[in-house]
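Visitor: Please work out how this folds:
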Amino acid sequence: MNATTRQDLHGILYHSLIENSAVPLAAVDDQLKILKANPAFCDLVGLPFNHDLAEMLLEQLPFAADQHFQDLLQHMLRHRIDKFEYETHVTSPFYEETRHLKLTFSAQWRQSRFGGGLLLLNDITQFHKKKHLLEERIKAMRQENEKLKQTIEDAEGLQQFSQLAAHDLKGPIRILGNFSQLLLRRYREVLDEEGRDYLQFIHDSATHLNLVLTDMIHYADVASKPLHFDVFDFQQLIRQVRTRMAPLLEQHGAVLEFENPPKLIHGSRKYLRLLFLHLIENAIKFAKPGIPPRIRITHHRTPEHHIFAVQDNGIGIAPAYQEKIFELFKRLDPASNRPGSGVGLAICKKIVERHGGKMWVESKEGEGSTFYFSLQRL
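Guide: Numbering: from 1, shown residues only. Got it, this is the predicted structure:
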């Protein structure tokens, strides 16, 4: 093969393998001067393709000023290493964003002397984006795990509280209430008016504390214990609720209506009964003075949920309180003499959430309230 043919072959190989390649490539000589760079390389580092690169030193390229790159390069030359890899980033005027690059420098050695080399750039920007997204997701998962861990710890704490309250607190409180009431009956005539007031205060406080403790036990149980779900007759639950609430309804002249109730429902009988008892009691508690409470409970279905609405004609709820009332110990009117623990609606919301639903309220002051909640269907 003559020299002209060999030169033509080299030209064909260069154009086909390097210049027309989509892979950014550049060749350097033994003085680390750039001999040639293909268009892909020039575009990536921000050099015009027609730029005369014959006298450009490798160190003039954007990434070459990095000390880490220089250390790798000197290490390669000093120890006659064939190749090293290096990650960097460049901001090219031809791109609207910083590009992350993986650089591979392959050296050519001639009788133990450096004879030049080939630079290959691999755009790993998308990899970095995916890596960053993955790191963000891992971070978010860790945060969720911490929240879940805290929730589990809170639930365990609630369960311990429930056991402690049931066994160690309710007994003494009940004794305090019973004995204060006994003292009032037996020694009413012996005590003066102030003494009777003191005993009555002790009895009322014990009664209220017992109510709060009972509701806190209910809240701890529904928040932390497994619930027994089954399909049951909802009409039976209505009868039980009416029977349980009958004395209170009669005392206040209240009317309770169930409209279009479902025949069967899936859930915890115990806690769904408690849910309706709390909501009905709440409607009676916040009735308008002098106006008999009227409580209307309606139901409709969606493909995924049962939707219940408990509507009353009471005093209503100001907008500022409509979310707070579902929190523990948040009362609509803390200064009032209305009985209650401040836990009832928090229990209701927790019961609904354990049934895969949500709870909310719509209300206007002076015009009554409607409590809505959804229960997941089978």
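Visitor: Show me what counts as buried in stretch 354-370.
Guide: 354-355, 357, 359, 361, 363, 368-369 (16 or more other Cβ atoms under 10 Å). C-betas here are computed from N, CA, C, even on glycine.
Visitor: chain center to that stretch: distance?
Guide: Centre-to-centre, stretch 354-370 and its host chain are 23 Å apart (Cα atoms, centre = their mean, to the nearest Å).
Visitor: can you name the two of the buried residues of stretch 354-370 that are farthest apart?
Guide: Greatest spatial distance in the buried residues of stretch 354-370: 354 and 368, 27.5 Å, computed using Cβ to Cβ.
Visitor: ok so, going back, restricted to helices, list the buried residues of stretch 354-370.
Guide: Among the buried residues of stretch 354-370, the members falling in helices (DSSP state H) are residue 354.
Visitor: what residues are up against the residue nearest to residue 232 when sequence neighbours are not counted?
Guide: Among residues not flanking residue 232 along the chain, residue 269 sits closest, at 5.4 Å (Cβ to Cβ, 6 or more residues apart in numbering). Neighbouring residues of residue 269 by Cβ atoms under 8 Å, 6 or more residues apart in numbering: 228, 230, 232, 237.
Visitor: Please put the alpha-carbon coordinates of the helix or strand residue 279 falls within into PDB.
Guide: Element membership for residue 279, per DSSP states H and E: helix 269-285. Output of helix 269-285 as PDB, limited to C-alpha atoms (Å, rounded to 0.1, in the frame of the first residue of the first chain):
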ATOM      1  CA  ARG A 269     -69.500  -2.400  65.600                       C
ATOM      2  CA  LYS A 270     -68.100  -1.100  68.900                       C
ATOM      3  CA  TYR A 271     -66.400   2.000  67.600                       C
ATOM      4  CA  LEU A 272     -69.000   2.900  65.000                       C
ATOM      5  CA  ARG A 273     -71.600   2.800  67.800                       C
ATOM      6  CA  LEU A 274     -69.300   5.000  69.800                       C
ATOM      7  CA  LEU A 275     -68.900   7.400  66.800                       C
ATOM      8  CA  PHE A 276     -72.700   8.000  66.600                       C
ATOM      9  CA  LEU A 277     -73.100   8.300  70.300                       C
ATOM     10  CA  HIS A 278     -70.400  11.100  70.500                       C
ATOM     11  CA  LEU A 279     -71.900  13.000  67.500                       C
ATOM     12  CA  ILE A 280     -75.400  12.800  68.900                       C
ATOM     13  CA  GLU A 281     -74.300  13.800  72.300                       C
ATOM     14  CA  ASN A 282     -72.300  16.700  70.800                       C
ATOM     15  CA  ALA A 283     -75.400  17.900  68.900                       C
ATOM     16  CA  ILE A 284     -77.400  18.000  72.100                       C
ATOM     17  CA  LYS A 285     -74.600  19.700  74.100                       C
END
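Visitor: C-terminal to it, what's the next element?
Guide: Note on helix 269-285: by DSSP H and E, the next helix or strand toward the C-terminus is strand 294-301.
Visitor: For that following strand, give me every contacting residue.
Guide: Residues from elsewhere that reach strand 294-301 (Cβ under 8 Å, 6+ apart): 254-262, 276, 280, 283-284, 306-313, 377.
Visitor: Just the buried ones among the residues you listed, please.
Guide: So, by 16+ other Cβ under 10 Å, the buried ones in the contacts of strand 294-301 are 254, 256, 258, 262, 276, 280, 283-284, 306, 308, 310-313.
Visitor: sec struct for the nearest residue to residue 66 once chain neighbours are set aside, please.
Guide: Excluding the flanking residues, the one nearest residue 66 by Cβ to Cβ, 6+ apart is residue 88, at 6.3 Å. At residue 88, secondary structure determined by DSSP: H, G, I helix; E, B strand; the rest coil is strand.
Visitor: Over to residue 371?
Guide: Under the three-state scheme (three-state DSSP), residue 371 adopts strand.
Visitor: Help me confirm that it comes into contact with residue 358.
Guide: No - checked against Cβ atoms under 8 Å, the pair residue 371 and residue 358 is beyond contact range at 11.7 Å.
Visitor: Show me the shaky parts of the stretch 51-200 of the chain.
Guide: Applying pLDDT under 70 to the stretch 51-200 of the chain flags the ranges 51-55, 92-96, 141, 145-170.
Visitor: Mark out where each domain of the protein begins and ends.
Guide: The chain breaks down by automatic domain parsing into domains covering 18-123, 144-225, 228-378.
Visitor: Ends of the shortest one, what's the gap?
Guide: Using Cα to Cα, to the nearest Å, the end-to-end distance of domain 144-225 comes to 21 Å.
Visitor: what kind of secondary structure is the residue nearest the centre of the chain in?
Guide: Here the mean C-alpha position of the chain is nearest to the C-alpha of residue 144 (Cα atoms, centre = their mean), at a distance of 6.4 Å. Three-state call for residue 144 (three-state DSSP): helix.
Visitor: where exactly do the strands run in this protein?
Guide: 25-28, 34-37, 83-90, 99-110, 113-123, 230-233, 255-259, 264-267, 294-301, 305-311, 359-363, 369-376 (DSSP state E).
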